[in-house]
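S.K.: Predicted coordinates and the sequence they were generated for:
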Amino acid sequence: MAQMTGAQIVIESLRREGVDLVFGYPGGANLPLFDQLYDCPVKCMLVRHEQGASHMADGYARATGKPGVCIVTSGPGATNLVTGLASAYMDSVPVVAITGQVKTWLIGNDAFQEADVTGITRPITKHNFLVKDVRQLATTIKRAFHIATTGRPGPVLIDLPVNITIEKTEFAYPETVNIRGYKPTYDGHPYQIKKAIQAMREAKCPVLYVGGGVVASDASEELFKLATALQIPVTTTLMGLGSFPETHPLSLWMLGMHGTPYANYAVQGSDLLIAVGARFDDRVTGKIEKFAPKAKIIHIDIDPACISKNVKVDIPIVGDAKRILQQLNAELNGSTGEPQTKEWLATIAEWKEKYALHYGSPSANGRLRTQYVLQELWHATKGEAIVTADVGQHQMWVAQWYRYTRPRTFITSGGLGAMGFGFPAAVGAQAGCPGTPVVAVVGDGAFQMTAFELGTAVEYNLPVKVVIINNRSLGMVRQWQELFYQKRYSHSWLKNPDFVKLAEAYGAVGMRIEKESEVRTKFQEALRIPKCVVIDVSVIEEENVYPMVPAGHALDEMILDMA
């Protein structure tokens, strides 16, 4: 077996894992690694900030279904990953982060650019490693990818002291991984499967409540088959958007705090709630004591710790969403009988007509309405783009008004709600899906947290389109201050730069949209330009996202005013 340095082992191990692209930033403690990246098959995109590297790896993973990889240096380089790792952890995204570390004999001595990275990231990673022996490096990398991509996916960090990267050992990459105590369950228990099918057959008002686990396990086809066979309406979480086509009659679109009224009414009126790959987040349930009060609950999830964690369930099924949906469909075996949901679907159809989302005119007081802008974006892209978002009003509007028909086409920081996520995630998604249009819908506040990644997009000729929903404020903060803090707008108004000039300074194309007549034509023009384009869209400043379930209220206690 050939002798290799630790740095060579890392690169060869990445190659064996099928990694062809990483996102990174060099520094003193990872220079041996970057020296190997100089002329090897694994390409590296130089980011402008380490937070961008973690968000890009995240966006790449969500868009492609493959693990995203980022490589940064020790100390501040590693600590700058924290927000991105936390976001990936909350949303169950497979990311492998390799951080430089000071020499092993300096650890604990407060050496230059030393940080206890494994200690800092332990609560926000699925697992992490500190490598102290070059002979364990290949095995550690194999384990890291195995842990990140199996069971409930998540980020794994490898902290790599610089001396380990220059020491030599014989290279042997393990073919398999066997980790005692880590044996994820994939198939559902046969008895629970039968109970679930029986409950579905008997239910007259069932609802499928679908989360990001269906996207992560590529289970959309199996979900569609089950829903259409039993004629069960489907509502998705923010993370589950695209797992069921929103153009289908059975789709209720998104539920929760800013979900559709008919999705929320359906959940509250259901007699059976089938949760698939969802974790009953507080933004979904509203007041837990009043959540789905009449429903028997089936919960399908690969993480047993999620079962009955927030809401007590009646039929728990631990396992992979795809495998369990396959088992459920096999149990049905095409013999569904006459669905009992005809009256239920008629009731839902009435709700859809009565409580359809609307926004009035496309503009008011000389400013555009965001809802109209995002509808026009959907028309311009023909619904075929990958859309990313930060957190806040624009995130909720793009969830409500852009129609998602395929999985992995909506990417956002759902659990952590990280501002600054949307644009670098779009860069990562575009790098992973070069033939697909990628649009980052961002707030004017959030964009400024990571706008410098324009340098990365321009350097690598990534044609990401950035749509800035510019309301000159921290929109969701301002909305809450209006509704719940007597309009005391404490530090929520922004004095923004000229985003067009900023884009041009980086070498991107800058555009501005201010009139209704410009919206569709400029979107179409931007999509034709084979470069990164930043579009500054001037929208109404004091527009609120409705419907809205106020904190502490039940799902059916919505503020419905959408004027």
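M.R.: Yep, that arrived.

S.K.: Can you tell me the strand partners of the one helix or strand in the chain whose mean pLDDT sits lowest and which way each runs?
M.R.: The least trusted helix or strand in the chain, going by mean pLDDT, DSSP states H and E, turns out to be strand 363-364, with a mean of 92. Here strand 363-364 has these sheet partners by DSSP bridges: strand 367-368 (antiparallel).

S.K.: gap between S251 and Y546?
M.R.: Computed as C-beta to C-beta, to the nearest Å, the S251 to Y546 distance reads 20 Å. All C-beta atoms are positioned from the backbone trio N, CA, C, and that covers glycine.

S.K.: again, but for E289
M.R.: In terms of C-beta to C-beta, E289 sits 24 Å off from Y546.

S.K.: what do you get for G65?
M.R.: Distance from G65 to Y546, by C-beta to C-beta: 34 Å.

S.K.: Now do the contacts for A263.
M.R.: Applying C-beta atoms under 8 Å, 6 or more residues apart in numbering, we find A263 in contact with 235, 252-256.

S.K.: quick one: the strands in the stretch 251-400 of the chain?
M.R.: With DSSP state E, counting those that start in this stretch as the criterion, the stretch 251-400 of the chain has strands at 251-254, 272-276, 296-301, 315-318, 363-364, 367-368, 386-389.

S.K.: what does the stretch 101-250 of the chain give?
M.R.: For the stretch 101-250 of the chain, strands defined by DSSP E, counting those that start in this stretch occupy the ranges 127-130, 156-161, 168-170, 206-210, 234-236.

S.K.: Of all the ones you listed, which one is nearest R323?
M.R.: strand 206-210 (15.8 Å; C-beta to C-beta).

S.K.: relative to strand 296-301, how tilted is that closest one?
M.R.: Strand 206-210 runs at 20 degrees relative to strand 296-301, counting by axes from the mean of the first three to the mean of the last three C-alpha atoms, to 10 degrees.

S.K.: Would you tell me which helix is longest in the chain?
M.R.: Secondary structure assigned by DSSP state H gives helix 50-64 as the longest helix of the chain.

S.K.: Grab the CA positions of that one and hand them over as CSV.
M.R.: Extracted as CSV, the C-alpha positions of helix 50-64 are listed here (Å, rounded to 0.1, in the frame of the first residue of the first chain):
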residue,chain,number,x,y,z
GLU,A,50,-16.6,30.7,5.9
GLN,A,51,-20.3,31.1,6.8
GLY,A,52,-20.8,31.2,3.0
ALA,A,53,-18.9,27.9,2.7
SER,A,54,-21.3,26.1,5.1
HIS,A,55,-24.4,27.6,3.5
MET,A,56,-23.1,26.7,0.0
ALA,A,57,-22.4,23.1,1.1
ASP,A,58,-26.0,23.0,2.5
GLY,A,59,-27.6,24.4,-0.6
TYR,A,60,-25.6,22.0,-2.8
ALA,A,61,-26.7,19.0,-0.6
ARG,A,62,-30.4,20.0,-0.7
ALA,A,63,-30.4,20.6,-4.4
THR,A,64,-28.5,17.4,-5.4
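
S.K.: what mean pLDDT does it have?
M.R.: What helix 50-64 shows for mean pLDDT is 98.

S.K.: Give me the next element, helix or strand, following that helix.
M.R.: Next in sequence after helix 50-64, counting helices and strands by DSSP states H and E, comes strand 68-72.

S.K.: So which elements touch that following strand?
M.R.: strand 21-24, helix 31-37, helix 50-64, strand 95-101 (3 or more C-beta pairs under 8 Å, 6 or more residues apart in numbering; DSSP states H and E).

S.K.: Between the ones you listed, which one is closest to I166.
M.R.: Comparison of these against I166 by C-beta to C-beta identifies helix 31-37 as nearest, at 5.3 Å.

S.K.: which outside residues touch the closest one?
M.R.: By C-beta under 8 Å, 6+ apart, helix 31-37 touches 5-8, 10-11, 22, 24, 26, 44, 71, 98, 100, 160, 162, 165-166.

S.K.: got it, and stretch 414-422?
M.R.: 51, 55, 58, 83-84, 86-87, 90-91, 212, 237-239, 281, 388-392, 412-413, 440-443, 445-447, 449-450.

S.K.: Apply 6 Å and report the result again.
M.R.: 55, 83, 86-87, 90-91, 238-239, 388-391, 413, 440, 442, 446, 449-450 (C-beta atoms under 6 Å, 6 or more residues apart in numbering).

S.K.: where in the stretch 301-450 of the chain is pLDDT low?
M.R.: Along the stretch 301-450 of the chain, the model assigns pLDDT under 70 to residues 334-337.

S.K.: Run a quick neighbour tally on A144.
M.R.: 26 (other C-beta atoms under 10 Å).

S.K.: Leaving out chain neighbours, which residue sits closest to it?
M.R.: Closest residue to A144 apart from its sequence neighbours, by C-beta to C-beta, 6 or more residues apart in numbering: V156 at 4.4 Å.

S.K.: number of nearby residues for that neighbour?
M.R.: There are 29 residues near V156, going by other C-beta under 10 Å.

S.K.: Just to check, it is in contact with V96?
M.R.: Yes - counting by C-beta atoms under 6 Å, V96 is a contact partner of V156 at 5.5 Å.

S.K.: Name the residues contacting each of those two.
M.R.: 144, 148.

S.K.: quick one: which of E289 and Y546 has more around it?
M.R.: Set E289 next to Y546 and count neighbours by other C-beta under 10 Å: Y546 wins out with 19 against 8.

S.K.: ok, the more buried one to D110 distance?
M.R.: Noted for Y546: a distance of 52 Å to D110, by C-beta to C-beta.

S.K.: any chance of the helices and strands packed on strand 68-72 in a markdown table, plus mean neighbour count and distance to L357?
M.R.: Below are those laid out as a markdown table (neighbours: other C-beta atoms under 10 Å; distance: least, C-beta to C-beta, whole Å):
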| stretch | mean neighbour count | distance to L357 |
| --- | --- | --- |
| strand 21-24 | 24 | 37 |
| helix 31-37 | 20 | 48 |
| helix 50-64 | 30 | 26 |
| strand 95-101 | 29 | 34 |
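
S.K.: Tell me which of these approaches Y191 most closely.
M.R.: Across these, closest to Y191 is helix 50-64 (C-beta to C-beta), at 34.3 Å.
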